[in-house]
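Visitor: Fold the following.
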Amino acid sequence: MTGPGGEPGGRGLDPFGSPGWWSGLRRGGRRPDPALAEALADACDTPDGEARGTELERIAAHADAAGDDRTAVAARFALIESCLSHGQRWRLVEPVRRCLAAVDRRPDLLPGPQAELLRRYQRYAVEALPGSPRVGLDQARSLLDDLAARAAVDDPVVAELRCRIADHLGDEPTARRWYDRWSPADPGPAGGCPGCAPARRAELLAGWGDHRAALAALRDAPGDPVDCTEQPERSLVAGLLPWLRAGEPERAAEAHVRAYRRHRQELAAFPYLATHLRWCALAGHPARGLDVLAEQLPRLDQPPDDLSAMEFAAAGALVCALAARAGLGGRTLHRRAYGVRPAAELDVATLGATLLGVATALAGSFDARNGTGHQSGRIASWLAERPVAAPVPLPPDDAPDDADDPPDEATADGEPRPLSLEMITDALDRRGDRYAVDGGDTVVGRWGEALVQFRRAGERGEILQARSVASRRLPADRVAEAYAFCNAWNHDRLLPKAYVRDLGGELVLAGDIATDLAHGVAPAQLTVLLDAAVDTGVAYAEAVAALP
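Guide: Numbers count the residues shown, from 1 in each chain. This next block holds a predicted model:
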């Protein structure tokens, strides 16, 4: 079925009407079930959410029963990607385990890029253990042992994961032994971002109280520029408490202001906020800590994982305790309504007690899973901390301190060039957006109510296609109303072109923008195009959400 925009409703196609990445999986074994392939195409064309995840799990289970390994793996890859885009790494263990079992039965099932991607997903699943008590300890250890047994995996990757798990459990001697095997080595392609490796090491060392060693690890970072969207802010945060305790409060203050300038608005930076709050408390800036807490408190309602929520709540409780001791107990902070919880104005002591309850409950959940008391003890030690240095003036927070740095090549070169995947991702990196790139070189991200996908089309990849899918879906019996809405949108607005797709039981409302860049595009021009695609896509999705 097609909507007003003439969108093809062909089955077995990805959201752009092109063969989905799963069509690249090598054939063999039983022939894929056409009905399952059609259902998978439909599921991948629907907005992210619990309903989509449930449908993907159903398709994978039916494919297992039918012996269709190819469709089962494709469905689970789509499920894994959906979990990652929503910060739900704790849900990866089972689909990753099932994919590994299928590949072990049929080693020719995945081509090289997808096989490497599965190894990365396996690492993500193991990394989920410290992030959430919902991951079974034995499950994660089994996946880690399997990762170690696969010859293609670099040993430093396994050493780092074993180090982190031992540290999470409170076994510092074992963690240090694995750290000694991990720290001198190149992480390799499966070991995560090499530019962030020094910061990851510094975070561990600072947690063990080795602050000078942590600073040494940061100084060992590569001198050449690193293609990492989290740097240099992640390294600055890793050095906050070590610089403070090593007698360099001015440098720590500069690092806090510079890093928080970015982290205050970046959703993916939530795990770093606890260190910002602890620095405010221990550097003698409780008022600044309350300002940060008031600004970031809403993000505690939907944290990316339980560990970062526990640490944020504990650091916030510390800020409240020290603010009360400093005579700021009369200040009130607004806590927005969320779910059944009403909005409230909380004084410092009440908010501190609330955050302490959140932190201790989460620490107890971790310890119950781990069979130790380490996380509860760690939170208690944080709450017992006191300022370690006299406060120093904070640098101005009104302009980036790196504004005089020379622009990078992508922004300095205004000459048009052929459209490429790298140009799209570079432009999104400059915007500070979070996104994923699937096996078909489609860039996918979520902005508010809209799932926006970017891809290159045309014989030479010269056409930029941007597709926005509204999160809200309508029942099939409202099809006339949906078409009327899209017709009105297309009559009144240029972007995006709106249309309806009927999935049988419900309607998906989507929008499309296509721009012919046969003569090339300058980076600045591409940024304008992406800005327009995101802004109009979000406006369209919000209009769909506002329908009665």
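Visitor: Tell me where the longest strand sits in this protein.
Guide: In terms of residue count, the longest strand belonging to the chain (DSSP state E) is strand 463-475.
Visitor: any idea of the mean pLDDT in that one?
Guide: In this model, strand 463-475 has a mean pLDDT of 90.
Visitor: CA atoms only for it, dumped as CSV, please.
Guide: Output of strand 463-475 as CSV, limited to C-alpha atoms (Å, rounded to 0.1, in the frame of the first residue of the first chain):
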residue,chain,number,x,y,z
ILE,A,463,21.5,11.5,-3.5
LEU,A,464,21.1,12.3,0.2
GLN,A,465,17.9,10.6,1.5
ALA,A,466,16.6,11.5,5.0
ARG,A,467,13.6,9.6,6.3
SER,A,468,11.7,10.4,9.5
VAL,A,469,9.4,7.9,11.1
ALA,A,470,7.0,9.1,13.8
SER,A,471,7.1,7.1,17.1
ARG,A,472,3.3,7.2,17.3
ARG,A,473,1.3,4.8,15.2
LEU,A,474,-2.4,4.9,14.4
PRO,A,475,-4.9,2.0,14.2
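Visitor: Packing partners of that strand?
Guide: strand 450-457, strand 506-516, helix 523-545 (3 or more Cβ pairs under 8 Å, 6 or more residues apart in numbering; DSSP states H and E). Yep, even glycine has a C-beta here, placed from its N, CA and C like the rest.
Visitor: try 10 Å
Guide: helix 421-431, strand 443-447, strand 450-457, helix 479-492, strand 497-502, strand 506-516, helix 523-545 (3 or more Cβ pairs under 10 Å, 6 or more residues apart in numbering; DSSP states H and E).
Visitor: how far is the second one from where the chain is centred?
Guide: Relative to the mean C-alpha coordinate of its chain, strand 443-447 is positioned 11 Å out (Cα atoms, centre = their mean, to the nearest Å).
Visitor: which helices and strands does that strand pack with?
Guide: helix 69-85, helix 421-431, strand 436-437, strand 450-457, strand 463-475, helix 523-545.
Visitor: What sits closest to Glu462 if chain neighbours are left out?
Guide: Ala518 (4.5 Å; Cβ to Cβ, 6 or more residues apart in numbering).
Visitor: typo on my end, it should be Gly511
Guide: Pro496 (3.1 Å).
Visitor: Return the residues in contact with that neighbour.
Guide: 5, 450, 452, 466-468, 489-490, 510-514, 532-533, 536-537, 539-541 (Cβ atoms under 10 Å, 6 or more residues apart in numbering).
Visitor: Can I get the buried ones among these as something I can paste into PyMOL?
Guide: A single PyMOL command selects the buried members of the contacts of Pro496 (16 or more other Cβ atoms under 10 Å):
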select buried, resi 5+450+452+466+467+468+489+490+510+511+512+513+532+533+536+537+539+540+541
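Visitor: what stretches of this protein score poorly on pLDDT?
Guide: 1-32, 47-48, 151-154, 186-193, 220-229, 398-414, 439-440, 459 (pLDDT under 70).
Visitor: ok, now which ones touch the residue of it most remote from its centre?
Guide: Distance from the C-alpha centroid of the chain peaks at Gly327, with 38.2 Å (Cα atoms, centre = their mean). Taking Cβ under 10 Å, 6+ apart, we find Gly327 in contact with Pro286.
Visitor: Three-state assignment for it, please.
Guide: Taking DSSP: H, G, I helix; E, B strand; the rest coil as the rule, one finds Gly327 in the coil state.
Visitor: Begin at 823, not 1, for the rest of this chat.
Guide: New numbering, starting at 823: the last item is Gly1149.
Visitor: Quick check: the gap between it and Asp1113.
Guide: 16 Å (Cβ to Cβ, to the nearest Å).
Visitor: Leu1058 now?
Guide: 19 Å.
Visitor: What segments of the stretch 1023-1172 of the chain are helices?
Guide: 1033-1041, 1055-1060, 1062-1067, 1071-1085, 1095-1104, 1108-1118, 1128-1147, 1170-1192 (DSSP state H, counting those that start in this stretch).
Visitor: If you count contacts, what does the longest one end up packed against?
Guide: Translated: helix 1170-1192. Against helix 1170-1192 (3+ Cβ pairs under 10 Å, 6+ apart) you get helix 934-953, helix 977-991, helix 1108-1118, helix 1128-1147, strand 1154-1157, strand 1166-1169, helix 1196-1205.
Visitor: So for Gly1031, which of those sits nearest?
Guide: Distance to Gly1031, taken as Cβ to Cβ, is lowest for helix 1196-1205 among those, at 10.3 Å.
Visitor: Reformat the helices and strands packed on strand 1265-1269 as JSON lines; add distance to Ala1202.
Guide: Below are those laid out as JSON lines (distance: least, Cβ to Cβ, whole Å):
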{"stretch": "helix 891-907", "distance to Ala1202": "32"}
{"stretch": "helix 1243-1253", "distance to Ala1202": "39"}
{"stretch": "strand 1258-1259", "distance to Ala1202": "38"}
{"stretch": "strand 1272-1279", "distance to Ala1202": "42"}
{"stretch": "strand 1285-1297", "distance to Ala1202": "41"}
{"stretch": "helix 1345-1367", "distance to Ala1202": "43"}
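Visitor: Minimum distance to Leu1040: which of these has it?
Guide: Proximity to Leu1040 (Cβ to Cβ) singles out helix 1243-1253 among the helices and strands packed on strand 1265-1269, at 22.4 Å.
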